[in-house]
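> Sharing a model prediction with you, sequence too.
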Amino acid sequence: MSGIITRPGVDPITVTGKPAPPPLARERLSRHGLRIEKDLPVVLRDGVTIYVDAFLPEGGDPVPVLLAWGPYGKHWITDRTFPGADVDPEWISPLTGFEAPDPVFWCANGYGVLLADPRGLWHSEGVFPHNGPQERDDLYDTIEWIGAREWCTGSVGMLGVSYLAGSQYQAAVAGPPSLKAISPWECFSDWYREFATHGGIPETGFRPRVAQNVSYSLTATEDPQANIIARPLDDPYYAEKYGPLHEIAVPAYVVASWSDHGLHTRGTLNAFSAMGSAQKWLEVHGQKKWRHFYAPESRARQLAFFDTFLKGEDRGLRDWPRVHLEVRDDPREQRSTWRTAPAWPPSEHHRSLFLHAGTARLVESPAPESEVQFDPRAETAQFSYVFERDTELIGPMSLRLWLRVDDANEAPANPTLDILDADVFVAVGKLNRAGDEVTFPVNALFDDGPVALGWLRASHRAIDAVRSTALVPWHPHTGEQPLEPGRPVCLEVEIWAQATRFAAGETLVLSVQGRDFLARPPAAGRPPLQILHEELRTRGRWTLLAGPEFDSRLRIPIDVPAGAGEEG
C-alpha cells in the first residue's frame, strides 16, 4: 500500500462497545437448527489467511451462499444492536451480524450465510486496506473459494448495509465468476464528497468512529483518519477506493434512503446510476435504514431477488418497477406515497425560486436588489415559499448563492489558517399549514431531520462546467480560492436528493448558516452516529445578496415520475 498511512493494530481483546473475539477455534456447532462452521481459513492469492464463519442448513445439501463482508467482527452476532432504530427484535435472530443478513431466516429458505473478517482485522492475517485494489482482490478470491465448497451450489450473492454494501461495489467490479447477484443497501460511493468531506468541509463526527472500527488487528491497518487529514483536496487516493462502477455487470437490487443525508443517500443513488448491469432495480425509502433493511416486507423482496438469480426461480421480477420511490409527507401521521419511475436520476427539468432578502421570501421571478446581513455562527438566514397547489419535489436541488464576507480583520476560528473563507450549510425544510415544522428520519436513529441538506466551503467554489447540471453542480475540489473581504462571490451549492410532498398551503423553508444544523448532545444508549463538522473556517459577518445583478436562487425539480401512487 505505497503512499498510504498505516498504524499498528489495536489488540482485539481490548475492543470497546462490543464483545471481544474468542480465540481461533476451528469447530462445528449446531445452533438454532443451523450447522455453523467456525473459523474456516481462506488462503488468498498472496498466501495471507483470513477467517470466515459459515452458517448452513442442517442436512448437508449444497445451497447458494450470501457473503457479508465487513469490519465489525464476525463474532459479533446478536439481535440487540439497534437501539433507537425501530428494529423489532422479533425480526432477527441472535445469530445476526451487524448490518448483515440473518442466518436463521436465510438458512430456513435454502441459503447459507458467510461472515468474513477481512485481511488484517481481528484474527485475519495481513495489513488491512480500507477498500481499494487489495480488498477487491481479496473479495474475488474469497467468493471463488466459497463457490468451490462442497456445501455451495457455486452461486454466491452479497447482501448488507453500509460497509457491507460498499464491499459489494468492489466485489462486482472485480467480477468473480461465482458472484451471481448483489443487493447493496445504502453506502456512499464517493469517498471525498460523502465520507471525508461535504462540499470540502471536513466531516468530524462519523469519520473517527469508522477509524476506530477498522483498528482491531493483530498486525496493522490502514489509518483512514490520518490519510484523509493528509489529503484535504480530492486525490487519487479517494478515486481508487471502489473502482470503476460502470464495470459492474451482475444483477443488482439497490436500496437507498432519503434519510441518510451526509452519509449514504447521494452515493447509493450515484452508484445505481453508474452500474453497467442490464438487470438492476432501485428502491428509495424515507425511513430509518436498519428498520427498513430488516422489516419483513423488505426481507421478502430480498428473497425474491436472490431466488431469481441464485436459484433460477421465477419470482415475478419482471413486474418490478425499475425505480420505486417513497415520497414523504408527514412521518408523524405515517403518510407517504410510493411512485415508480423508468430511471434515475429523474429529469433535469426544474424551476427557480429567487431569494428576496427584503421579505425573507422565495419568489418566482427575480426580485429587486436586496440583502440580508447576519452572524453565521449564531444566526440563520431563512427564506420561505408557500405552495399554491399540491406539489411533489423528487430529486436533487441546488442553491445559487451570492455571498459577501465582511469584518475580515476578525481573528479566524482556526488560528492556523491565514485565508478568508466561509463554510456554508444549507437546509430545506417543511412547515405544515398550521406553520409547524415537519421533520423526518435522519442518520439511522433520529427523527428530527429536514427535507434535505447541502454544504459548500466557499474556497472550493470552482465548478466543472462539463460535469455540472442545473440541479447537481460538480466541484472538483482540487484547489482553493480564498475570499476577498467585502467582495461578493457566487456559490453553487449541491443539495442532496429527496422526495417530498407539499400540499397546497404548506411551506418550503430555505435556511443558510455557517454551522451544522443537526449537532446534538450525545444520546444515552445510542451509538454516536452523528454527522458533524467541527473544523470550520466560518468567520466575520455574512451578507446574502439578491436581485437582478445577484441572482441568488433555489432550483427545485418539477417533474413527477410517471406511475400510480399508493398511499401508505
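Received it, and whenever you're ready, just let me know what you need.
> Could I get the average pLDDT for stretch 120-133?
Confidence for stretch 120-133, expressed as mean pLDDT, is 98.
> buried sites along it?
Neighbour-count burial for stretch 120-133 flags 120-132 (criterion: 16 or more other Cβ atoms under 10 Å). Every C-beta, even on glycine, is put in place using the N, C-alpha and C of the backbone.
> Pick out the most distant pair among these.
Among those, the pair separated by the greatest distance (Cβ to Cβ) is His123 and Gly132, at 21.7 Å.
> Where does pLDDT dip in the stretch 1-150 of the chain?
For the stretch 1-150 of the chain, the stretches flagged by pLDDT under 70 are 1-2.
> at 80 what do you get?
For the stretch 1-150 of the chain, the stretches flagged by pLDDT under 80 are 1-2, 81-83.
> Where do the helices of it begin and end?
103-108, 133-147 (DSSP state H, counting those that start in this stretch).
> can you redo those helices as a markdown table with distance to Pro244?
Below are the helices of the stretch 1-150 of the chain laid out as a markdown table (distance: least, Cβ to Cβ, whole Å):
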| stretch | distance to Pro244 |
| --- | --- |
| helix 103-108 | 30 |
| helix 133-147 | 11 |
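> out of those helices, which comes closest to Ile4?
Judging these by Cβ to Cβ, what sits closest to Ile4 is helix 133-147, at 9.8 Å.
> Quick one: list the elements packing against that closest one.
strand 34-43, strand 49-57, strand 63-69, strand 152-161, helix 163-174 (3 or more Cβ pairs under 8 Å, 6 or more residues apart in numbering; DSSP states H and E).
> want to try TSV for the ones you listed, with distance to Thr265 as columns?
As requested, those are exported to TSV (distance: least, Cβ to Cβ, whole Å):
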stretch	distance to Thr265
strand 34-43	34
strand 49-57	31
strand 63-69	22
strand 152-161	13
helix 163-174	13
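> I'd like to know which of the ones you listed is closest to Pro482.
helix 163-174 (34.5 Å).
> picking that back up, I'd like the helices and strands packed on helix 133-147 laid out as CSV, including mean neighbour count and distance to Asp86.
What follows is the helices and strands packed on helix 133-147, written out as CSV (neighbours: other Cβ atoms under 10 Å; distance: least, Cβ to Cβ, whole Å):
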stretch, mean neighbour count, distance to Asp86
strand 34-43, 17, 27
strand 49-57, 22, 26
strand 63-69, 26, 22
strand 152-161, 24, 15
helix 163-174, 26, 20
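> which one of those lies closest to Ser384?
strand 152-161 (35.8 Å).
> Please enumerate residues in contact with that closest one?
With Cβ atoms under 8 Å, 6 or more residues apart in numbering as the test, strand 152-161 has contacts from 62-70, 99-101, 112, 143, 146-148, 164, 167-168, 171, 176, 178-187, 289-290, 293, 302, 306, 309-311.
> chain center to that strand: distance?
Centroid separation between strand 152-161 and its chain, computed with Cα atoms, centre = their mean, to the nearest Å, is 22 Å.
> That one - what's its average pLDDT?
Strand 152-161 comes out at a mean pLDDT of 98.
> Pairing partners for it, with directions?
Neighbouring strands of strand 152-161 in its sheet, by DSSP bridges, are strand 63-69 (parallel), strand 179-185 (parallel).
> would CSV of these with distance to Leu56 be doable?
Below are the strands paired with strand 152-161 laid out as CSV (distance: least, Cβ to Cβ, whole Å):
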stretch, distance to Leu56
strand 63-69, 7
strand 179-185, 18
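> Which one of these lies nearest to Arg461?
If you check each of the strands paired with strand 152-161 against Arg461 by Cβ to Cβ, strand 179-185 wins as the nearest, at 32.1 Å.
> tell me what the helix or strand following the closest one is packed against?
Next along the chain after strand 179-185, taking DSSP states H and E as the criterion, comes strand 197-198. Packing partners of strand 197-198 (3+ Cβ pairs under 8 Å, 6+ apart): none among the helices and strands.
> And for the helix or strand following strand 197-198, what's in contact with it?
Using DSSP H and E, the helix or strand that follows strand 197-198 in sequence is strand 201-202. Outside strand 201-202, the residues within contact range by Cβ under 8 Å, 6+ apart are Ala196, Ile228, Pro232, Asp423, Trp455, Leu456, Arg457, His533, Glu535, Leu536.
> Parallel or antiparallel, which strands does strand 201-202 pair with?
strand 197-198 (antiparallel).
> quick one: the strand it pairs with to chain centroid distance?
With Cα atoms, centre = their mean, you get 12 Å for strand 197-198.
> got it, and stretch 149-166?
Taking Cα atoms, centre = their mean, one finds stretch 149-166 lying 20 Å from the centre of the chain it belongs to.
> Quote the end-to-end distance of that stretch.
By Cα to Cα, to the nearest Å, the extent of stretch 149-166 from end to end equals 25 Å.
> all numbers from here: first residue = 334
Will do, 334 is the new start, and the previous item becomes stretch 482-499.
> Any idea which of the helices and strands packed on helix 466-480 gets closest to Ser669?
Per Cβ to Cβ, nearest to Ser669 of those: strand 485-494, 20.9 Å.
> and the angle from that closest one to helix 466-480?
Between strand 485-494 and helix 466-480, the angle comes out at 140 degrees (axes from the mean of the first three to the mean of the last three Cα atoms, to 10 degrees).
> State the pair within the contacts of strand 534-535 that is farthest apart.
Every pair of the contacts of strand 534-535 checked by Cβ to Cβ; the farthest is Ile561 and Leu789, at 18.4 Å.
> picking that back up, out of the strands paired with strand 485-494, which gets nearest to Asp470?
strand 396-402 (12.9 Å).
> Kindly format the C-alpha coordinates of that closest one as CSV.
Provided in CSV are the C-alpha atoms of strand 396-402 (Å, rounded to 0.1, in the frame of the first residue of the first chain):
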residue,chain,number,x,y,z
VAL,A,396,-27.0,-24.2,-1.2
PRO,A,397,-26.4,-20.8,-2.7
VAL,A,398,-24.5,-18.6,-0.2
LEU,A,399,-24.8,-14.9,0.8
LEU,A,400,-21.4,-13.3,1.7
ALA,A,401,-21.4,-10.5,4.3
TRP,A,402,-18.0,-8.7,4.2
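> OK, contacts around the residue lying farthest from the centre of the chain?
What lies farthest from the middle of the chain is Pro701; by Cα atoms, centre = their mean that is 39.7 Å. Pro701 makes contact with His689, Gly691, Gly880, Pro881 under the criterion Cβ under 8 Å, 6+ apart.
> And for Ala504?
Counted by Cβ under 8 Å, 6+ apart, Ala504 has contacts Leu400, Trp402, Arg469, Leu472, Tyr473, Ile476, Met491, Leu512, Ile515.
> 10 Å instead, please
Ala504 is in contact with 400, 402, 468-469, 471-473, 475-476, 489, 491, 512, 515, 517, 576, 581, 583, counting by Cβ atoms under 10 Å, 6 or more residues apart in numbering.
> go on, Val583?
Counted by Cβ under 10 Å, 6+ apart, Val583 has contacts 490-491, 501, 504-505, 508-509, 512-515, 608-613, 642.
> helix, strand or coil for it?
coil (DSSP: H, G, I helix; E, B strand; the rest coil).
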